[in-house]
Structures are given as C-alpha cells and as structure tokens.
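Peer 1: here is a sequence with its predicted model. Questions after.
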Amino acid sequence: MRVVRRPDYYHPNNNIMNFESLKSAFSVMLVFFALSINVSFARIDDRTTEKTRDAVESADPDDWYTLAISAEKCFEKKVNLKEAGKWLDQSLEIAETPFNLELKGDYYIKNQLPDKALEYYVRTMNTIKAIDGEGEVTHIQKKIAQIIKIGG
C-alpha cells in the first residue's frame, strides 16, 4: 500500500492561520472599498460644483434661470449649499418667478424653516395667478397643507 504524503504546508494549525489571514485581508479590502466609494462620491460632488459654477460664471447678468437651476442642482446633490443659496437669492433679485420662488420655499423646508417656506409658497401661488388667472397651483397647495397639517 502506498502512503500519500500531504504537502508540508498542510497542517491542521495552518487552517487557523489561513482563516486569520483571510479575515485580515478582508478587513483591508473593506477599508479600501469604503475609501474608494468616498473618493468617487467626492468626485461627483466636485463635478456638480464645478459645472454649476461654470454655468453661473458664463451666464448673462440678467439670467435668473441659470442661477436658479444651478442652485437646484447643488441642493439636490447636497453640495456647495452656501454658494447655491446666494445664487438663488441673486436669481430672485433679478426676477421672481414661480420656479425660483418655489425652490426658495423648498430650500426653507429642507432647512426646517416652515414659516419662511410658507411665505415663499404663497408668493409662488400669487405669482402663478398673476401670470395666468387659471394657473395650476395644486402642487403648491399640497406643500402648504403639509406645512400646516391640513388634509394630510
């Protein structure tokens, strides 16, 4: 009968060492993965900030829409919020439109300032009605109802 000899590297204690090595390697890989995700999101955030800044810088001085849409993009991505708030204020100084008034109301809701949001939602409805007496304001009314907890 022929005896099959196992390789020298096989030993019951080696399984424990291999498990510990795998566990350590897995931990290192997990940390690396987590860091790479943060770097990826940072790049996306940087691109959003960069693109919106470029758009604002190349916009005409009376271009309220570019300011407002750039602010909206930053708000959605939760980046460059301070500068985006300034852009929205500049947009409102140029022209008060339903779009930028509602966006300002949404901004105040996200910052848990319901009284200020209510003010801007009412201004939004009044602006819509001034532009078109039959203007659709249902979506604004729903936002107001959520603030004052009516019809919730």
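Peer 2: Received, thanks.
Peer 1: which residues does Tyr120 contact?
Peer 2: With contact taken as CB atoms under 8 Å, 6 or more residues apart in numbering, Tyr120 is in contact with 101-102, 104-105, 108. C-beta coordinates here come from the backbone N, C-alpha and C atoms, glycine included.
Peer 1: tell me how many other residues crowd the residue lying closest to Pro114 once chain neighbours are set aside.
Peer 2: Closest residue in space to Pro114, ignoring its immediate chain neighbours: Ile147 at 4.8 Å, by CB to CB, 6 or more residues apart in numbering. Residues lying near Ile147 (other CB atoms under 10 Å) number 16.
Peer 1: touching, Ile147 and Lys116? I think so.
Peer 2: No. Assessed by CB atoms under 8 Å, Ile147 is found out of contact with Lys116, at 10.4 Å.
Peer 1: residues touching Ile94, list them.
Peer 2: By CB under 8 Å, 6+ apart, the neighbours of Ile94 are 62-64, 67.
Peer 1: ok, back up a step: show the pLDDT at the residue nearest to Pro114.
Peer 2: Ile147 carries a pLDDT value of 92.
Peer 1: from Thr127, how far off is it?
Peer 2: 18 Å (CB to CB, to the nearest Å).
Peer 1: three-state assignment of Gly133?
Peer 2: Put simply, Gly133 is coil when judged by DSSP: H, G, I helix; E, B strand; the rest coil.
Peer 1: and it, how close does it get to Glu119?
Peer 2: 22 Å.
Peer 1: so between these two, which is more surrounded?
Peer 2: Glu119 (15 against 7).
Peer 1: secondary structure class for that one?
Peer 2: Once three-state DSSP is applied, Glu119 turns out helix.
Peer 1: identify the residues contacting it.
Peer 2: So Glu119 contacts Gly105 (CB under 8 Å, 6+ apart).
Peer 1: Met29: neighbour count?
Peer 2: 10.
Peer 1: for the protein, what spans make up the strands?
Peer 2: Applying DSSP state E to the chain gives no strands.
Peer 1: how about the contacts made by the closest residue in space to Lys143 that isn't next to it in sequence?
Peer 2: Nearest non-adjacent residue to Lys143, counting by CB to CB, 6+ apart: Tyr121, 5.5 Å away. Going by CB under 8 Å, 6+ apart, Tyr121 touches 101-102, 105, 140, 143-144, 147.
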